[in-house]
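> no sequence on this one, just coordinates:
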């Protein structure tokens, strides 16, 4: 009887191991620890603008930029847990700068707002799974219910704006984000 119980236990463990998915579902898991790239439907990474003579600071713009720069620290982000599946999103270049929008400073409307970083008025975001197998999520600003939305790049543009917009089925592609571990430099 004890031998049968041991064999059954081994079969259960082996079955669970064989059916485990190699890509863990997106959510509040250890897979989201460390520096991450947040990529849009075009493969462009969420990018903190860093092309001036001084480093990015309060109010610096955030847009999407080609993924070929994914090992650049300004395209690296970390998720700072705030509660059940809610996060502040800190930039790898300066971890005191969090993803936000201009009207967050006075509790204003987020609709159509372009993204910035802020240490004083960080926004809090929820991750809504779109496809667990593809680690794809919708990133929703909790206070407004608006989703992070990427514009389609047009010929001649090296990047595209990223804004907060109403959740809309017609925008699902533009509101889908893949969160992956940032490449090691």
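Perfect, I can see it now. Worth saying up front: this structure is predicted, and the values here are computed from it rather than measured.

> got the residue ranges for the helices in this protein?
Secondary structure of the chain (DSSP state H): helices at 2-19.

> most centrally placed residue in it?
Nearest residue to the geometric centre of the chain (CA atoms, centre = their mean): residue 38, 4.3 Å.

> for it, name its beta-bridge partners.
As for beta bridges, residue 38 partners with residue 179 under DSSP bridges.

> roughly how far apart are it and residue 106?
26 Å (CB to CB, to the nearest Å). (Glycine included, C-beta is placed from N, CA and C.)

> next: residue 179.
30 Å.

> neighbour count winner among those two?
Neighbour count, other CB atoms under 10 Å: between residue 179 and residue 106, residue 179 has more, with 19 against 7.

> hang on, isn't that one packed against residue 137?
Yes. Using CB atoms under 8 Å, residue 179 makes contact with residue 137 at a distance of 6.3 Å.

> where does this protein have low pLDDT?
When residues are selected by pLDDT under 70, those of the chain lie in 1-32, 51-53, 69-70, 185.

> would you map the strands across this structure?
Secondary structure of the chain by DSSP state E: the strands cover 36-39, 45-48, 62-65, 77-83, 86-91, 98-100, 116-118, 125-131, 136-141, 147-150, 160-165, 177-181.

> and residue 110, which of the ones you listed is closest to it?
Closest to residue 110 of the strands of the chain, according to CB to CB: strand 160-165, at 4.5 Å.

> who's in contact with the closest residue to residue 128 other than its chain neighbours?
Counting by CB to CB, 6 or more residues apart in numbering, residue 138 is the residue found nearest to residue 128 once chain neighbours are left out, at 4.3 Å. With contacts defined as CB atoms under 8 Å, 6 or more residues apart in numbering, residue 138 is in contact with 127-128, 130, 147-148, 167, 172, 175-177.
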